[in-house]
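> show me the folded form of this:
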Amino acid sequence: MKLGLQLGYWGAGPMTEAPALVRAAEEAGFDSVFTAESWGSDAYTPLAWWGAATSRVRLGTAVAQLSARPPTSLAMAALTLDHLSGGRHIIGLGVSGPQVVEGWYGQPFGKPLARTREYVQIVRDVLAREAAVTSDGPHYRLPLPADTAGATGLGKPLKPITHPLRADIPIWLGAEGPRNVAQTAEIADGWLAIFFSPRMAGQYNEWLDEGFARPGARRTREDFEVAATVQCVITDDVAAALDRYRPSTALYVGGMGAEEKNFHADLYRRMGYGAVVDEVTRLFLSGRKAEAVAAVPDEMVRETMLLGTADQVRAQIGDWEAAGVTTLMVTARDIPTIEALGTFVDGV
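Next comes the predicted model:
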């Protein structure tokens, strides 16, 4: 088991404590540091800025959104950061959801699995630098066909000017549903799991095994990373911690995504919280946010957290490792928690 620090994306402003947290994570033996993006701060700029002060930890995006950059642009950012960090970059990708993809990026959300597969292949082709990069699409055509509206017909296949430091920069994919997780096991080097529950490990393993069994699968279970994002609170006051994180759970299942398509809500339904999800969604979308938060039960919040006394958290980490997690991506926001975690995990 390895430890990663998940810094996420910014709220209204920069995360002023991030440099100290990153420094503490590296000193505590953490394996990696990750940033994210939604529709505010981007993933790569903070990762490069904060990562410049590190020397050992791997630097990952969890996740960079597919629709934010063409695959060749993502590959450019990745090979650049990999050079600057001395080969420490992890590419973490995700499709996001239709509200963001169509509302913020102005692109169609349809066929997310096919888009992901095509995107990953183009990124790998750029990093391999074996030939000029082409793609027959249908989602990312390279070069752009001459008969495309507005095209000049002058585009030609290219390969990167800069030689990538590593042709095999790891690519981890964020995935929540069974088909997406299975495809992740087939084509990627790791799975970025959100709202992971050790109780559901059997189901997750079925999805992963389906992908590993496909012809041409890139990895086996033995060399595949399962990186789970988890909130960690070491405390004697469990009730207060649950109340602190309850609004976030309500937001993700009730207000993060459209009522007709919310992948986080679907995930919690698979966990057995279907009635709660329906009620929270109804209240949240009707503007009754306080009632939506109150409708989230303690166990729904606690199931995806590391929470309790130091001894309890240490025991919970063992449960997550037994469930197949290879990297705990903790969202700790204070140095004492980071330092304590460094003493809980073998090998750190």
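> where do the strands sit along the stretch 51-200 of the chain?
For the stretch 51-200 of the chain, strands defined by DSSP state E, counting those that start in this stretch occupy the ranges 58-61, 64-65, 89-94, 135-136, 141-142, 171-174, 190-193.
> switch those strands over to JSON lines; also include mean pLDDT and distance to D334.
Where you see a C-beta, it was placed from the backbone N, CA and C, and this is true even at glycine. Formatted as JSON lines, those follow (pLDDT from 0 to 100; distance: least, Cβ to Cβ, whole Å):
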{"stretch": "strand 58-61", "mean pLDDT": "98", "distance to D334": "21"}
{"stretch": "strand 64-65", "mean pLDDT": "98", "distance to D334": "26"}
{"stretch": "strand 89-94", "mean pLDDT": "98", "distance to D334": "24"}
{"stretch": "strand 135-136", "mean pLDDT": "97", "distance to D334": "45"}
{"stretch": "strand 141-142", "mean pLDDT": "98", "distance to D334": "46"}
{"stretch": "strand 171-174", "mean pLDDT": "98", "distance to D334": "26"}
{"stretch": "strand 190-193", "mean pLDDT": "98", "distance to D334": "24"}
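> mind listing what the most centrally placed residue in the chain touches?
Residue closest to the average C-alpha location in the chain (Cα atoms, centre = their mean): A62, at 3.5 Å. With contact taken as Cβ atoms under 8 Å, 6 or more residues apart in numbering, A62 is in contact with 6, 34-36, 43, 92, 172, 174, 192, 227, 229, 329.
> next one: the nearest residue to D125 once chain neighbours are set aside from T116, what distance?
Leaving out its chain neighbours, the residue that sits closest to D125 by Cβ to Cβ, 6 or more residues apart in numbering is V133, at 4.9 Å. Going from V133 to T116 by Cβ to Cβ, to the nearest Å gives 17 Å.
> which phi and psi does M329 have?
Dihedral pair for M329: phi -90, psi 90, per degrees, to the nearest 10.
> beta-bridge partners for it, please?
G4, T229 (DSSP bridges).
> that one is in contact with C232, isn't it?
No. Checked against Cβ atoms under 8 Å, the pair M329 and C232 is beyond contact range at 10.0 Å.
> who has more neighbours out of the two?
More neighbours surround M329 than the other of M329 and C232, with 28 against 22 (other Cβ atoms under 10 Å).
> give me every residue that touches the residue lying closest to D236 once chain neighbours are set aside.
In this structure, D236 finds its nearest non-sequential neighbour in T309, 6.1 Å apart by Cβ to Cβ, 6+ apart. The contact partners of T309, taken as Cβ under 8 Å, 6+ apart, are 234-236.
> can I get the buried part of those residues as one ChimeraX selection?
This is how ChimeraX selects the buried members of the contacts of T309, with burial counted by 16 or more other Cβ atoms under 10 Å:
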select :234,235
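> circling back: of the contacts of A62, closest to A213?
W172 (19.9 Å; Cβ to Cβ).
> mind checking how far Q121 is from R221?
22 Å.
> same question for A167.
For A167 relative to R221 (Cβ to Cβ), the value is 24 Å.
> what's the domain layout of this structure?
2-232+309-344, 236-307 (automatic domain parsing).
> quickly, which of those domains bottoms out on average pLDDT?
Ranked on mean pLDDT, the bottom entry among those is domain 236-307, at a mean of 92.
> show the end-to-end separation of that domain, please.
9 Å (Cα to Cα, to the nearest Å).
> Y105 and P70 touch, don't they?
No. With contact defined as Cβ under 8 Å, Y105 does not reach P70; the gap is 11.3 Å.
> quick one: the helices in the stretch 1-150 of the chain?
18-27, 44-51, 71-84, 98-103, 112-128 (DSSP state H, counting those that start in this stretch).
> save the ones you listed as TSV, and put in distance to R270 and mean neighbour count too.
Formatted as TSV, these follow (distance: least, Cβ to Cβ, whole Å; neighbours: other Cβ atoms under 10 Å):
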stretch	distance to R270	mean neighbour count
helix 18-27	32	18
helix 44-51	31	19
helix 71-84	30	20
helix 98-103	20	17
helix 112-128	18	19
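> out of those, flag the one nearest T152.
That would be helix 71-84 among the helices of the stretch 1-150 of the chain, by Cβ to Cβ, at 18.1 Å.
> what angle do that closest one and helix 44-51 make?
For helix 71-84 against helix 44-51, the angle by axes from the mean of the first three to the mean of the last three Cα atoms, to 10 degrees is 10 degrees.
> who touches helix 71-84?
Contacts for helix 71-84 (Cβ under 8 Å, 6+ apart): 44, 47-48, 51-52, 59, 64, 69, 88-89, 91, 93, 118-120, 122-123, 126-127, 133, 140, 142, 160, 162, 164-166, 169.
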